[in-house]
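Asks: Pasting a predicted model and its sequence here:
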Amino acid sequence: MKSAKQDNKSHRLARNWLLAIGAIILLAIGMSWPTDYYIDTPGDAVPISQFVKSKDRVPNNFYLVTVSETSQPASVAELLQSYTDQYATRIHKSQLLGTTTNRQYQELQKWYMETSQQNAIYYAAKKAGIKAKLSYEGVYVMDVQKSSSFRGKLRMGDTVLGADGHKFHSTKEMTTYFRQKSLNDKLKIDVLRGSKKLTIAGKAVKVDGTGKPGIGIQLVERVKVTTHPELKIDAEDIGGPSAGLMFTLTSYQVFTKQNLAKGHKVAGTGTISADGKVGAIGGVDKKVVAADEAGAEVFFAPTDTAELKKQGSNYVVAKQTAKQIGSKMKVVPVRSFEDALNYLRNTY
């Protein structure tokens, strides 16, 4: 038979165990609680050949480099752990998303990637002397103004194809059609959302900035490039415009049947414009780390400082990062496709 003293001791022990278990549960909940921050860390170096489809051989020597970004706001535990990684960056959701939702942000990254691929194929074909045809596909919806009757119906990433049974063949044709309407006229617009076609009803409104009738959207033109021989790029779930330069180099190799790197592993980053200019990107330090870990011998880094202070240019940061990690990788500055092409021709 237990004494009162023994019973009290047992009760205290049980209570302490319950308190400890409760504290552990609360700690686990607290550590998994979402914060307002997204975390960027070094990603992977991926061979571009796996994304390019052509009947001709695609050399396996150029690599795009990614930044790994949490798809949702990081938990408390993930945020704390990020401080142990020298090249992790914490980005507040207001800085990353602005006024968009996470889904809208992902749609925007998808548009950037598709535009990057089309620019790459177009410019590479032009440089290789291959005829490239640009076909109008519609307009991407980038934003819907607050006063639009289509707000809540149209989504960022939708493609407007036509209206009231009319198919548009240019952005100018579309805006002209809507401007001929009167405010509050009923409209039915044809939209492509993913692979699904929809018809959405609304009314003509006054467009911000012009005061003219329209549907009240911020838009960019969607085009498709067709070449002969045919070449397509599908980067799957990778978003953003930063692989433009490397897509262009790979496409150019296919069109000209060359192997510019001759077996050497070349990585790089930078947007590509329709006239071959290479633009700056974000997270270049993380991309240098990823390229070095993958064994790249060369890393192309944008050196355009039009929008950046000289000490903040991609090339300067890439060079500094390579030195910090003790990389033997050659960091090469590029302002244009020609810079990268000339380097390859003169080196290999």
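Replies: Great, that's in hand.
Asks: what residues are up against Leu13?
Replies: By CB atoms under 8 Å, 6 or more residues apart in numbering, no residues touch Leu13. Placement of C-beta: from N, CA and C, glycine included.
Asks: Please name every helix or strand in contact with the strand or helix carrying Gly162.
Replies: Using DSSP states H and E, Gly162 sits in strand 159-163. In terms of contact count using 3 or more CB pairs under 8 Å, 6 or more residues apart in numbering; DSSP states H and E, strand 159-163 is assigned the packing partners strand 132-144, helix 171-179, strand 186-193, strand 217-227.
Asks: okay, these in CSV with mean pLDDT next?
Replies: Shown next, in CSV, are these (pLDDT from 0 to 100):
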stretch, mean pLDDT
strand 132-144, 85
helix 171-179, 91
strand 186-193, 94
strand 217-227, 84
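Asks: Output these in a markdown table, with distance to Val288 and mean neighbour count appended to each entry.
Replies: Converted to a markdown table, the helices and strands packed on strand 159-163 look like this (distance: least, CB to CB, whole Å; neighbours: other CB atoms under 10 Å):
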| stretch | distance to Val288 | mean neighbour count |
| --- | --- | --- |
| strand 132-144 | 31 | 17 |
| helix 171-179 | 39 | 16 |
| strand 186-193 | 38 | 17 |
| strand 217-227 | 30 | 17 |
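Asks: CA atoms of the strand holding Gly162 as CSV?
Replies: Provided in CSV are the C-alpha atoms of strand 159-163 (Å, rounded to 0.1, in the frame of the first residue of the first chain):
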residue,chain,number,x,y,z
THR,A,159,-4.8,34.4,-72.6
VAL,A,160,-7.5,36.6,-74.3
LEU,A,161,-8.2,35.1,-77.8
GLY,A,162,-11.2,37.1,-79.0
ALA,A,163,-14.5,38.7,-78.1
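Asks: Direction included, what does it pair against?
Replies: strand 132-144 (antiparallel), strand 166-167 (antiparallel), strand 186-193 (antiparallel) (DSSP bridges).
Asks: and it, average pLDDT?
Replies: Averaged across strand 159-163, pLDDT comes to 94.
Asks: quick check: angle from that strand to strand 217-227?
Replies: 100 degrees (axes from the mean of the first three to the mean of the last three CA atoms, to 10 degrees).
Asks: Distance of the spatially most central residue of the chain relative to Phe62?
Replies: For the chain, Gly240 is the residue whose C-alpha lies nearest the centre (CA atoms, centre = their mean; 1.7 Å). Using CB to CB, to the nearest Å, Gly240 is found at 17 Å from Phe62.
Asks: Leu249 now?
Replies: For Leu249, the distance to Phe62 - CB to CB - is 5 Å.
Asks: Overlap in contacts, these two.
Replies: What both Leu249 and Phe62 touch, as defined by CB under 8 Å, 6+ apart, is the set Val266, Gly268.
Asks: pLDDT (mean, whole number) over the helix or strand harbouring Ile200?
Replies: Per DSSP H and E, Ile200 falls inside strand 196-203. Across strand 196-203, the average pLDDT comes to 94.
Asks: Neighbours of Lys129, how many?
Replies: Actually, residue 129 is Gly. It isn't Lys. Residues lying near Gly129 (other CB atoms under 10 Å) number 8.
Asks: Where does the prediction get shaky in the protein?
Replies: For the chain, applying pLDDT under 70 flags the ranges 1-12, 14-16, 18-20, 22-23, 26-31, 99, 304-312.
Asks: Outline the domain layout of the chain.
Replies: 37-101+112-130+231-347, 133-225 (automatic domain parsing).
Asks: Tell me what Phe62 is bridged to.
Replies: Val266.
Asks: Run a quick neighbour tally on it.
Replies: 30.
Asks: separation between it and Lys328?
Replies: Phe62 is 19 Å from Lys328, by CB to CB.
Asks: So which other helices or strands are in contact with the helix or strand hosting Ala45?
Replies: Per DSSP H and E: Ala45 is located in strand 37-47. Helices and strands touching strand 37-47, by 3+ CB pairs under 8 Å, 6+ apart, are strand 62-69, helix 76-82, strand 89-92, helix 93-97, helix 284-293.
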